[in-house]
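J.: Give me a model of this one.
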Amino acid sequence: MYLNLGVKEKWMIIAFVGYPLAGKSTAAEVARELGIPVVTMGDVIREEAIKRGIEPNAENLGKLADELRRKEGMDAIAKRCVPRIRAHYPVVLVDGIRGIAEVLALKKTFGNLVLIAIDAPIEVRFQRAKMRKRSDDVSTIEELMERDRREESWGLKKAMEIADFTIENTGDQDSFREKIRALLQKLLSVEVEIETFVHPTEEEEKVVKAIKNLFPDAKIEIENGKLFAVARDLKQFKELLKRQKILDTARAELMRGKRGKEVVVFLNKQTSTVSRINFCDENVALSPLKVTFRLINVPFQRFLDYLAPITKEGKPINEVDEL
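T.: As a prediction, this is how the structure comes out:
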């Protein structure tokens, strides 16, 4: 009955995008510290340079990246990274997205990608180049400007614009690392997938509203009457369960819907349009909302006690405030 997304595996691909020296490498270090496997796209180009006997400096690597994209397409580097990503199922961080074509290629292959833009002014980035002294770094601000222009020609600016999250990196490294750590921990807790059909008799706007009422941060796609959305913020859903005083019902439904590291429930689409949660059967008329909670790095018991704690005389006890 529900959507076939064409992806058998459930991946969580997180990717960093940003201008040269914005802080992507530092962010990738934080990911490694959290135990997240990291695939660095620039390594593909460096290895190709070594294979050809080319010195891996900034100018040579830039020319080589241009050549690969001209010959193999703007998504060439992303495609070359696919086998490396597949070696780290199910959660992988990809460091070094350079353009919109690469974003689309990874989404097409893995079905799920969270894009994080890291931003910093050019003056700040040039100071970092002088301090870092890496072989492929620039030596003048004019060189950095030229590198920016080259990467913009690959679609970097467009990729930055569609990022799911943007983190400014203009202060000290400790605060930047903490921002990255907090965001990654949030992404690696619970992901919500919502699926339904939008029937000809239904208004698309009302169906979207029904989902946003429950999960305000939901990113929604509709194609040929099939709706798919992804959300991560559970606060509104949790608050509605509490306000409606249906925690016991919700707890029972969540326990009944547990399927390994996923929890599946079905919600009445019509009542959701007025911000009310009504659990229902999968086969109700006009298709319910199929809500799948993916527990990426959160134990089921903690998820359960956070969303629908046990109650005593109608009041929650031992409630978990944070996932």
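
J.: contacts, neighbours, all on C-alpha from now
T.: Noted.

J.: check which helix or strand covers the residue nearest the centre of the chain.
T.: Residue closest to the average C-alpha location in the chain (Cα atoms, centre = their mean): residue 114, at 1.9 Å. Element membership of residue 114, judged by DSSP states H and E, is strand 113-119.

J.: and the next helix or strand after that strand with strand 113-119, angle?
T.: Per DSSP H and E, the first helix or strand lying C-terminal to strand 113-119 is helix 122-132. Relative orientation of helix 122-132 versus strand 113-119 (axes from the mean of the first three to the mean of the last three Cα atoms, to 10 degrees): 90 degrees.

J.: Does anything pack onto helix 122-132? Which helices or strands?
T.: Using 3 or more Cα pairs under 8 Å, 6 or more residues apart in numbering; DSSP states H and E as the contact test, the elements touching helix 122-132 are helix 141-153.

J.: Mind listing residues that contact the helix or strand following the helix it packs on?
T.: Note on helix 141-153: by DSSP H and E, the next helix or strand toward the C-terminus is helix 156-161. Contacts with helix 156-161, where a contact means Cα atoms under 8 Å, 6 or more residues apart in numbering, come from 17-19, 97-100, 103, 117.

J.: how does it look with 7 Å?
T.: Residues outside helix 156-161 that contact it (Cα atoms under 7 Å, 6 or more residues apart in numbering): 17-18, 98-100, 117.

J.: that older thread, residue contacts, the residue nearest to the centre of the chain?
T.: 13-15, 164.

J.: Would you quantify the distance from it to residue 164?
T.: Look at residue 114 and residue 164: by Cα to Cα, to the nearest Å, they are 6 Å apart.

J.: Please apply the same query to residue 313.
T.: Going from residue 313 to residue 164 by Cα to Cα gives 42 Å.

J.: Comparing these two, which shows the higher neighbour count?
T.: A count of neighbours by other Cα atoms under 10 Å puts residue 164 above the other of residue 313 and residue 164, at 12 against 6.

J.: which residue packs closest to that one, ignoring adjacent ones?
T.: With Cα to Cα, 6 or more residues apart in numbering as the criterion, residue 164 has its nearest non-adjacent residue at 5.3 Å, and that residue is residue 115.

J.: Go ahead and confirm that neighbour touches residue 18.
T.: No. Residue 115 is beyond contact range of residue 18, at 10.3 Å (criterion: Cα atoms under 7 Å).

J.: Of those two, give the one with the bigger neighbour count.
T.: Higher neighbour count among residue 115 and residue 18: residue 18, with 26 against 22, using other Cα under 10 Å.

J.: Check which element follows the strand or helix carrying residue 291 along the chain.
T.: According to DSSP H and E, residue 291 maps onto strand 289-295. Heading C-terminal from strand 289-295, the first helix or strand you meet, by DSSP H and E, is helix 300-307.

J.: where does stretch 255-270 sit relative to the chain's centre, distance-wise?
T.: Its chain's C-alpha centre and that of stretch 255-270 lie 22 Å apart, by Cα atoms, centre = their mean, to the nearest Å.

J.: average pLDDT across it?
T.: Average pLDDT, stretch 255-270: 95.

J.: how long is it end to end?
T.: Per Cα to Cα, stretch 255-270 runs 24 Å from first to last residue.

J.: And the contacts of that stretch?
T.: Outside stretch 255-270, the residues touching it (Cα under 7 Å, 6+ apart) are 210, 253-254, 277-282, 288-295.

J.: cool, and stretch 61-69?
T.: Residues from elsewhere that reach stretch 61-69 (Cα under 7 Å, 6+ apart): 45-46, 75-76.

J.: in the stretch 51-200 of the chain, which segments are predicted with low confidence?
T.: For the stretch 51-200 of the chain, residues meeting the criterion pLDDT under 70 lie at 133-137.

J.: tell me the contacts of residue 229?
T.: For residue 229, the contact set (Cα under 7 Å, 6+ apart) comprises 193-195, 218-221.

J.: Around residue 83, count how many other residues there are.
T.: 10.

J.: does it sit in a helix, a strand or a coil?
T.: helix (DSSP: H, G, I helix; E, B strand; the rest coil).

J.: where exactly do the strands run in the stretch 201-323 of the chain?
T.: Applying DSSP state E, counting those that start in this stretch to the stretch 201-323 of the chain gives strands spanning 219-223, 226-231, 258-259, 262-267, 289-295, 311-312, 315-316.

J.: okay if I get these as JSON lines plus distance to residue 180?
T.: JSON lines is the format used below for these (distance: least, Cα to Cα, whole Å):
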{"stretch": "strand 219-223", "distance to residue 180": "21"}
{"stretch": "strand 226-231", "distance to residue 180": "19"}
{"stretch": "strand 258-259", "distance to residue 180": "31"}
{"stretch": "strand 262-267", "distance to residue 180": "26"}
{"stretch": "strand 289-295", "distance to residue 180": "20"}
{"stretch": "strand 311-312", "distance to residue 180": "36"}
{"stretch": "strand 315-316", "distance to residue 180": "33"}
